[in-house]
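Chemist: I would like to see how this sequence folds:
(2 chains)
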Protein chains: 2
Amino acid sequence: MNLLIQNGTILTMHNRKVIPQGAIAIEGKTIVDVGKAQKLERTYGTGYEKIDAKGKVVIPGLINTHQHAAMSLLRGYADDLPLQEWLEKWIWPIEKHMTAHDIYVGALLTAIESVMGGTTTVNTMYHYTPEENEAKAFADAGLRGIIGHVCFSWRKNEDKKALKDLAKSWHNKADGLIRVSVDPHAPYSVDPEHMKELKVIREELNNKYGSEEAPIISHIHVAETDDELEKIRKTFNIQLKDGVMAYLDSLGVLDERLIAAHCVALTDKDMEIMKKKNVKVSHNPISNLKLASGISPVPKMLREGITVSLGTDSPCSNNTADMFEIMKTTAILHKGVNKNPTVMPAEKVLEMATIEGAKALSWENEIGSIEVGKKADLSIISLKKPHLCPVYTEASHLVYAAKASDVETVIINGRVVMENRKLTMLNTEKVMDVVEKTKNNLLSKLNANVK
Amino acid sequence: MNLLIQNGTILTMHNRKVIPQGAIAIEGKTIVDVGKAQKLERTYGTGYEKIDAKGKVVIPGLINTHQHAAMSLLRGYADDLPLQEWLEKWIWPIEKHMTAHDIYVGALLTAIESVMGGTTTVNTMYHYTPEENEAKAFADAGLRGIIGHVCFSWRKNEDKKALKDLAKSWHNKADGLIRVSVDPHAPYSVDPEHMKELKVIREELNNKYGSEEAPIISHIHVAETDDELEKIRKTFNIQLKDGVMAYLDSLGVLDERLIAAHCVALTDKDMEIMKKKNVKVSHNPISNLKLASGISPVPKMLREGITVSLGTDSPCSNNTADMFEIMKTTAILHKGVNKNPTVMPAEKVLEMATIEGAKALSWENEIGSIEVGKKADLSIISLKKPHLCPVYTEASHLVYAAKASDVETVIINGRVVMENRKLTMLNTEKVMDVVEKTKNNLLSKLNANVK
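Modeler: Model prediction:
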């Protein structure tokens, strides 16, 4: 299908270029023209379905670079608890009862919530299950994503099998919507030898299924809490003098295809290494605050020239998949803790949620900005709302005032996946009913197990 | 009109009592019964208009204890700037051109946004203008509020006149919806003698227009930034050794009818005094972060037994009037900075946004909880949304996952002011059009003035 989006204010996120009364022409999956509406209307007439964006803002779809999509099933199941108690007494015991179908259902719910909030790409780390999985859920929702399988030292063979299966079945599949990643859980749960091995496996899988244009990447939790070095020392009996990134660098596993989530407890040396190795960051401010992990030194990383993108983390440590909340929290948090109102201006934060997100996922050749030749991943946001009135600057409103619910229409890979807040690919009501039943099943199984 | 709200989960916020499948009977302005739906349906049959709240949550309307409602006209006008530059080069120059009608229009927009986000009471501080004003705007929207006139040393006579006029015209008016307050701007902008005088004036006005049940209160900014003591020293040549509250206490102006917004830079001694004098606090986390003022020691104030409520601050330092954002930010921020995930649990934060807000405004005899005899100020929130699915605990969802846009129906003083997201008292579209024109007028006047 060919589309012409007309009369909107277009925030291209390519060198921060803004086009008032702009238009975007889309043929198939691809953006073929971007410019003033008046000009494009003359060129793209019949054969183009029109979307009127008058009084609206068009942005590249938001890119959420850290998720555990299936965990929406546990949204609000346990909050306000110490981290270890939360994990050991609440999250892990109930997660054990999740079936492949449950994982699919949970990811489907997150996919719906993501699309409804203007997010068009999600980087998710979870347990891969061949029968049903997050990849299928995203494909069914028409959502772009990188699906990772999380790896631990205690299940190496199982993980290797899962990684191969995942890469073979899903990398660069579903019309290019789905890519995959190799996800060592964290430096304290994957031993040093296995950490190296997982990088070798990633490159083997890249040789077989990946390409320069569509690489298989790595996705890992790093330096989420202050005690991570201590946990590594304790678990693997390794004496470390520098930071966690310095440790990973000593293993030779850092490169531009690695995205590290959190990066809260970093040393200056860590940041130096990250810049040198072009390691990408996913900043998750809401999860870091809610779990009391601390505050990532984002302004400093940005000054160092490190690529920092934004993520929500799982729907049970946030508890939403809302990138608008993340943008606002990012913009205000670092101002407050650094006592400097000029850090993290709205335009920079918007970049982090779009083009920097694309770079962080090694996907900037196709997504993250509105440019000719890129895939058509777009969100159209209505400004005709009391809380977005009056309009001085669109970027300010998007970061400081807009809500997920202001997103009206979402296009992914040239396909309209949400129109006037109705999903075109899925029955939202039905998915919510199934999720509620799945939750009841999980609680029953948990209670039966406890008895 | 008599109303029966049926089948909802009722969070009464009275001793945190939750009633599943509950009902609320309302006669005129007042709640006459609260209990299980099955029981109330038998008692309140004909003559009661029914509102079905199945699958929904009913809470006391949210109470926003710090606003400058008219400033919605400047939402997004200037962001990401140093505080003094923001005020002196941007906000104050354009504010000079605001007419009484502009103030009315801005307050009307904030009233609409507030109601649409489930807020039923707003405490606002601005310049009172007799012709048109924030009080009229709130009354026209059916919103409950306390309208303050802000006082400075440099316009004492003008302020005294305004205070008298405001109290006479508006205290306990509009069917009891509107109360008024005496608002010294801040300890550095009101000299010590005038600070004392303003308390005397408040009590004179109370004797004339107020009562024990409906008092005229004081509303002031205190300790918003670290340099406040230094500003007081410089401006009034006063040598101070303790904190700002200790200074105010030395003037004899602290009592249980004073609500202090911000309270970021407090000493231990300050908090001791606040507890002793029962001074109330409005915590404004988003504004404090965005303006880089710092982070208020809220967990400590709560441990001291101080009443802490929540506020959004003005729509140009936030940039919304959304109390759901404030609740989530409050719940996560203090966990993160204190590295303790158990502080500020969801239930406590909900109290701060409801019953503690009522106490902070000396209005808890009428609002803040769902109890027989209180005024019917209620918000009904739909849980049938992907981002609120599944449901384990309602309080968690309200604080961590719900958005202003999930509020469906709002009742204030027994009157349905929003039904299925449509305002009943005002034409939202028309107000937005007027606001956009008002903004353009302001910019024209500003540009003409600059030339």
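Chemist: Residue A:385 contacts residue A:406, doesn't it?
Modeler: Yes: taking C-beta atoms under 8 Å as the contact criterion, residue A:385 and residue A:406 are neighbours in contact, 5.9 Å apart. Yep, even glycine has a C-beta here, placed from its N, CA and C like the rest.
Chemist: the more surrounded of these two?
Modeler: Applying other C-beta atoms under 10 Å in any protein chain shown to residue A:385 and residue A:406 shows that residue A:406 carries more neighbours, namely 25 against 20.
Chemist: ok, now how distant is the more buried one from chain B?
Modeler: According to C-beta to the nearest C-beta, to the nearest Å, residue A:406 and chain B sit 8 Å apart.
Chemist: can you count the residues close to the nearest residue to that residue once chain neighbours are set aside?
Modeler: Closest residue in space to residue A:406, ignoring its immediate chain neighbours: residue A:381 at 5.2 Å, by C-beta to C-beta, 6 or more residues apart in numbering or on different chains. Counted with other C-beta under 10 Å, the neighbours of residue A:381 add up to 27.
Chemist: Specify the beta-bridge partners of residue A:381.
Modeler: residue A:57, residue A:407 (DSSP bridges).
Chemist: Could you tell me what pLDDT the model assigned to it?
Modeler: With respect to pLDDT, residue A:381 scores 98.
Chemist: how near is it to residue A:413?
Modeler: Look at residue A:381 and residue A:413: by C-beta to C-beta, to the nearest Å, they are 19 Å apart.
Chemist: Please apply the same query to residue A:358.
Modeler: In this structure, residue A:358 lies at 14 Å from residue A:413, with C-beta to C-beta as the measure.
Chemist: Mind picking out the helix or strand in chain A with the poorest mean pLDDT?
Modeler: Considering only helices and strands, the least confidently modelled element of chain A by mean pLDDT, DSSP states H and E is helix A:83-85, at a mean of 85.
Chemist: how much distance is there from whichever helix or strand comes after that one to the middle of the chain?
Modeler: Using DSSP states H and E, the helix or strand that directly follows helix A:83-85 along the chain is helix A:92-95. Distance of helix A:92-95 from the chain centroid (C-alpha atoms, centre = their mean, to the nearest Å) equals 23 Å.
Chemist: Just the buried residues of helix A:92-95, please?
Modeler: When burial is assessed from 16 or more other C-beta atoms under 10 Å in any protein chain shown, helix A:92-95 yields the following buried residues: A:94, A:95.
Chemist: Now tell me what touches that helix from outside.
Modeler: Residues outside helix A:92-95 that contact it (C-beta atoms under 8 Å, 6 or more residues apart in numbering or on different chains): A:74, A:77, A:442, A:443, A:446, A:449.
Chemist: One more pass at 6 Å, please.
Modeler: If you take C-beta atoms under 6 Å, 6 or more residues apart in numbering or on different chains as the criterion, helix A:92-95 is touched by A:442, A:446.
Chemist: Show me the contact partners of stretch A:224-237.
Modeler: For stretch A:224-237, the surrounding residues in contact (C-beta under 6 Å, 6+ apart) are A:187, A:188, A:191, A:238, A:240, A:244, A:262, A:264, A:265, A:293.
Chemist: tell me the least confident of these?
Modeler: residue A:240 (89).
Chemist: Pull the contacting residues for that residue.
Modeler: A:229, A:247.
Chemist: For residue A:164, which non-adjacent residue is spatially closest?
Modeler: Nearest non-adjacent residue to residue A:164, counting by C-beta to C-beta, 6+ apart: residue A:205, 7.1 Å away.
Chemist: For the least confident helix or strand of chain A, enumerate the helices and strands it packs against.
Modeler: Under the contact criterion of 3 or more C-beta pairs under 6 Å, 6 or more residues apart in numbering or on different chains; DSSP states H and E, the helices and strands touching helix A:83-85 comprise an empty set.
Chemist: Contacts made by that helix with the rest, please.
Modeler: The contact list for helix A:83-85 (C-beta under 6 Å, 6+ apart) reads residue A:291.
Chemist: can you check stretch A:381-398 too?
Modeler: Contacts made with stretch A:381-398 from outside it, assessed by C-beta under 6 Å, 6+ apart, are listed as A:9, A:55-57, A:346-347, A:350, A:401, A:406-408, B:76-77, B:79, B:109, B:112-113, B:320, B:432, B:435-436, B:439.
Chemist: swap in stretch A:114-125?
Modeler: Under the criterion C-beta under 6 Å, 6+ apart, residues A:61-65, A:67-69, A:134, A:143-148, A:150, A:183, A:219, A:321-323, A:361, A:377, A:379, A:404, A:407, A:410, A:412, A:417-418 lie in contact with stretch A:114-125.
Chemist: gap between the two ends of it?
Modeler: 15 Å (C-alpha to C-alpha, to the nearest Å).
Chemist: next one: stretch A:182-202
Modeler: Taking C-alpha to C-alpha, the first and last residues of stretch A:182-202 lie 6 Å apart.
Chemist: Any buried residues in it, and which?
Modeler: Along stretch A:182-202, the positions that meet the burial threshold by neighbour count (16+ other C-beta under 10 Å) are A:182-192, A:194-195, A:197-199, A:201-202.
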